[in-house]
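K.L.:
This is a predicted model, with the sequence first.
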Amino acid sequence: MSGTSDASPLPVRFRASLSSLASVPITLFGLILVTFLIGRAMPIDPVIAIVGDHAPPDVIARVRAELALDKPLPVQFWIYLEHLARGDLGSSVMTSRPVTTDIATFFPATLELATTAILIAILLGVPLGVFAARYQGSHFDHAVRVVSLAGQSVPIFVLGLLCLLFFYVKLGIAPGTGQQDVLFEGMVREVTGMRVLDAALAGDWDAFWDALAHLAQPALVLAYFSLSIITRMTRAFMLEALAGEYIVAARAKGLSDARILWRHAFGNIMVPLITVIALAYAGLLEGAVLTETVFSWPGIGLYLTGSLLNADMNAVLGATLVIGSVYVGLNLLADLAYRLLDPRVR
Amino acid sequence: MLTRRTLLASAAAAAVPLAAPAIFSGARAATPRNIVAMAKQIDDIIGAFDPGESYEFSNNEGCGNLYRKLVIPDPAGGDRLVGDLAEKWEVSKDGAVFTFHIRHGVLFESGKPLTAEDAAFSLQRVVKMNKTPGFILTQFGLTADNVEAMVRATNEYTLELKLPIVQATSFVLYCLSATCGCVVEKATVLANQANGDLGNAWLKMHSAGAGSYRLVEWKASDHIILEANPHAATKPHVPRVVIRHVADPSAQLLALQKGDVDIARDLVSDQLKLVLNKPDYNVARRPQLTSMYIGMNMGVPELQKVEARQAIKTAIDYEAIAKNITPNLWSVWQSFLPKGIPGAVADNPFKKDVAKAKALLAKAGYPNGFSVTLDHFAKTPYPEIAQAVQADLAAIGVKVQLLAGEQKQVISKTRARQQQLAMLTWFPDFLDAHSNAQAFCQNIDDSDATKLKSVAWRYHCFDKEMTELVDAAVKELDTKKRMEMYAKLQRDFFQRGPFAFMLQNVEISVMRKDVSGLALGVLPDYTRYAPITKA
């Protein structure tokens, strides 16, 4: 079967991919527009957020003009888009720095947390799901189901607080909140912005273990949430795969159980599983806000929350745009991977 | 089927990932001796650490430790001003010319000597940049055009300040003791200026001062790191201070108890009960100049009647609020001038008297009361206080609907004059009575086009007599007469002002028992870390 149609010289999968790509700017534009309008509808005067409650009227008027807030809403939006087109997200009130610099500072912490969490979730969740399906109806399967359901049912901030209470307060075996102990603040040169990696690069192993210890709790809490989804979905995909005729055929051929399980059944669930994992990862990058708040983790979620409370609209728009772009980007990658890996959709 | 074995297996499976932090059992008992770690809410910072722009509590406190000023309030207490960088000063008879003699031998963190030229440049840049605190100096008539002629170094160690608008000498000196009076190193700042910003962007993230510390790093809403300035005249006992942003007071207490931090700065009444008078902790305590008040918008017909406003002031049980809701942290104080500002009167004339309040309400023409909204901050203890006020006013027939909001949301609403009753806090810009007197008593034009949108303006308080008295007091050169004028102003304000001042803040910082010496100031920029010791 040919990968091209008679009407177009491009393969169908590339045309579909191009169509997905074309939807990205529209999605992001919608995101910016909605965030911008919400920001302007907020009952907080952004100028007050910048100059404070005591500022005299002339300073307020000057700052309002500098921010173009004295112009009609469509003009304000157009100015924002113009700056955005030049890669200028404006400056943050809270940090007094360009939002792009802030995002480069805060996003690595979220990336470190979410990536660690998703790796833990994959490493634990996929085998749990596979074996739960293999031993369907067993005690192990029931146990996995209870653990997964708990992960999806318990709010993440409750779990975070319980962990802090138990491991940090009661047992004293885990460090408290933050990315690192006070002792190490400012002691390791930031290269990637990810403390564990930076400490390893600097060869400062005390700082490395400290950063790893601080990362463990929030990453595990966050991982638990994703693990429950990945486990449930892996189990469901595997049950469907194991019921396939090709599995019966493989068994009839006398293939080993492991080979049937991992090569034939698991190999066939890779495509939908990648989509689930990509969405879970995007969800972690986007949804780490609560975990970051509970663990005082200086990531993009905490930055976004602080910016919202301070009516720091450039920061809110910039952070939303980044989170949205990551989400859309990961979706797109999953979509592309799906098309590449599954011959049926080519 | 769910069996006991299933449940046990589930519990074991759940425990594995969650118990994993146990492998990193590196929780330490305390911070090292050469570091002081503070837990503090520092997400209020706007304008970062440029003293020409800094205007919030946390960055003002930082600037106070990074820079020195010409004059400061006596660190030993009281409201007397003493020279800091200024060894002495003279004021011309007409109060128009101030001559400061700069102390010799003061070094910046760069190791270079501090001169009158640096002091002149520092004041000039505040006026030229005209950021939020710029008005503290421009109210003397200084402008970007005249400031170089009016503020100048007459020789290496003599600074001359000429005032285009003559005002009370003590008022001028108190203004110079504000954060915008910090002296920065001219050469360093100019070497780092970009696009003619007088070093504003650079100074937000760096320091160029002669204070006890220098700024190493600030990460917004995360941490501030200060290190001892090797050339400082007052060398700190502990060379490194790390201030970590911990917004939640409970989390601050927890970090203090576990030894993750040495000092907790923002504990509230509930947590203080657990640590005050305990041998494991030392306490630093100082009344602050922050007041909590309820403003009554005179744009609301019912609140235009002075008797109705008096009824509200008379209905509130101030003592009960202070004792039951904010013990240790807020005490009753009813003047717009907080205790600690020269000229503040300690009358506290209002006490809960339901019968009297009802009579006043009847006299105002509302024997059955009226309905009104009360905006307040959503954060503890404001909702609890608002509820107490609601109950007190209900007792005289005034039905209050509570509207909780984020701090900036409530402030935005009052600046737009859309509130009815609003409960907020206020702190003076400098230690002189004029700051609060102008804010709460002066309204030169009640229209939206006014040049002075004072707090009084936000509540349509348009009282010509009080407005004129504020102007007269700030120009009065005789200190005794000036203080008498402020006393009259406060007593007039008790009678007519549309504000029920209720409480004044006391700051309490709790330290672990091996830490002591934190010197709290009445305003954040007078708080000093250098005396902190750690055993």
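P.N.:
Sure thing, it's come through.
K.L.:
use CA for all of it now, contacts and neighbours both
P.N.:
Fine.
K.L.:
my guess is A:Leu309 contacts B:Glu406, does it?
P.N.:
Yes: under the criterion of Cα atoms under 8 Å, A:Leu309 makes contact with B:Glu406 at 7.4 Å.
K.L.:
can you tell me if stretch B:527-535 touches chain A.
P.N.:
No: in terms of Cα under 8 Å from any Cα of the partner chain, no part of stretch B:527-535 sits within range of chain A; the closest distance is 14.9 Å.
K.L.:
Pull the residues that contact that stretch.
P.N.:
By Cα atoms under 8 Å, 6 or more residues apart in numbering or on different chains, the surrounding residues in contact with stretch B:527-535 are B:33-34, B:36, B:61, B:64-65, B:212-213, B:234-238, B:514-521.
K.L.:
Check the stretch 1-150 of chain A for the residue nearest chain B and tell me.
P.N.:
Proximity of the stretch 1-150 of chain A to chain B (Cα to the nearest Cα) peaks at A:Ala143, 4.2 Å away.
K.L.:
Just the buried positions in whatever helix or strand that residue lives in, please.
P.N.:
Per DSSP states H and E, A:Ala143 falls inside helix A:139-153. Neighbour-count burial for helix A:139-153, with 16 or more other Cα atoms under 10 Å in any protein chain shown as criterion, is recorded at A:139-148, A:150-152.
K.L.:
Count the residues that sit near the residue in the stretch 201-346 of chain A that chain B sits nearest to.
P.N.:
The shortest separation between the stretch 201-346 of chain A and chain B is 5.2 Å, found at A:Ala213 (distances taken as Cα to the nearest Cα). With neighbours defined by other Cα atoms under 10 Å in any protein chain shown, the count for A:Ala213 comes to 27.
K.L.:
next one: A:Pro72
P.N.:
For A:Pro72, the number of neighbouring residues by other Cα under 10 Å comes to 9.
K.L.:
hmm, who's touching stretch A:268-276?
P.N.:
Stretch A:268-276 is contacted by residues A:230, A:233-234, A:237-238, A:241, A:331, A:334-335, A:337-338, A:341-342 when judged by Cα under 8 Å, 6+ apart.
K.L.:
Distance check, B:Gly343 against chain A.
P.N.:
Counting by Cα to the nearest Cα, to the nearest Å, the separation of B:Gly343 from chain A is 22 Å.
K.L.:
show me what contacts that residue?
P.N.:
Counting by Cα under 8 Å, 6+ apart, B:Gly343 has contacts B:337, B:433, B:483-484, B:486-487.
K.L.:
Any of those buried? List them.
P.N.:
If we count by 16+ other Cα under 10 Å, these have these buried: B:337, B:433, B:483, B:486-487.
K.L.:
Show me the two of the residues you listed that sit farthest apart.
P.N.:
With distance counted by Cα to Cα, no two of those lie farther apart than B:Leu337 and B:Met483, which are 11.7 Å apart.
K.L.:
What residues sit buried inside the helix ranked longest in chain B?
P.N.:
Of all the segments of type helix in chain B, defined by DSSP state H, the longest one is helix B:479-496. Along helix B:479-496, these residues count as buried under the neighbour rule (16+ other Cα under 10 Å): B:482-483, B:485-487, B:489-490, B:493-494, B:496.
K.L.:
Neighbours of B:Ser250, how many?
P.N.:
Based on other Cα under 10 Å, the number of other residues close to B:Ser250 is 15.
K.L.:
Over to it. Which of the three states is it?
P.N.:
helix (DSSP: H, G, I helix; E, B strand; the rest coil).
K.L.:
Mind pulling up the pLDDT for it?
P.N.:
As summarised for this prediction, B:Ser250 has a pLDDT of 87.
K.L.:
What of the one 4 residues further on?
P.N.:
Reading off the per-residue confidence, B:Leu254 sits at a pLDDT of 90.
K.L.:
So which residues make contact with the host helix or strand of it?
P.N.:
Here B:Leu254, judged by DSSP H and E, is contained in helix B:249-258. Contact partners of helix B:249-258, identified using Cα under 8 Å, 6+ apart, comprise A:169, A:176, B:29-30, B:39-40, B:246, B:261-268, B:271, B:511-512.
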